[in-house]
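Peer 1: How does the following fold in three dimensions:
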Amino acid sequence: MNRKTILGLIAAAALVPMPAFAHHSYAMFDHTKEVTLKDATVVSWEWTSPHTWLYLLVPNGTKDPTKYSVEGGNPGLLRRLGFSKGSMSPGDKVTVYISPLKSGDKGGALNAVQLGSGQLLGERTRLIQ
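Peer 2: From the prediction side, this is the model:
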């Protein structure tokens, strides 16, 4: 092969789409802190991939509870930590342990959940020191 053919093949290979192996960061969460959301009411527990979501109403001393959105890991990881699709249902009272959002918004990364039965799902301390 001559030089032009080789350069042409290299240029053509550079144009072939490659899969993107991107994943969003957990840098938005403050893993040096853990916030406890006591007596929270489950609004919904979304067992979805790539991340699960737990939506809560948390008492705050007023008639209108605070809404929290809590991002969990993928279902495979959470299954290994004791969670399942049926772990929580709307209306369940739980205590949730999260690494809060650095922005101060009402949400965070799911560390653990204590069910009304007292059973603890997840790891209570996933903190980075």
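Peer 1: Report whether the expected contact of residue 59 with residue 65 is present.
Peer 2: Yes. Shown here, residue 59 and residue 65 form a contact pair, counting by C-beta atoms under 8 Å, at 5.3 Å. Where C-beta positions appear, they are placed from N, C-alpha and C, glycine not excepted.
Peer 1: mind listing what's buried in stretch 72-83?
Peer 2: Buried residues in stretch 72-83, counted by 16 or more other C-beta atoms under 10 Å: 72, 73, 75, 78, 81, 83.
Peer 1: try stretch 57-66
Peer 2: Neighbour-count burial for stretch 57-66, counted by 16+ other C-beta under 10 Å, picks out 57, 58, 65.
Peer 1: So which residues of this protein form helices?
Peer 2: For the chain, the helices defined by DSSP state H occupy 3-15, 75-80.
Peer 1: rank the ones you listed by mean pLDDT and give me the bottom one.
Peer 2: With a mean of 56, helix 3-15 has the lowest mean pLDDT of the helices of the chain.
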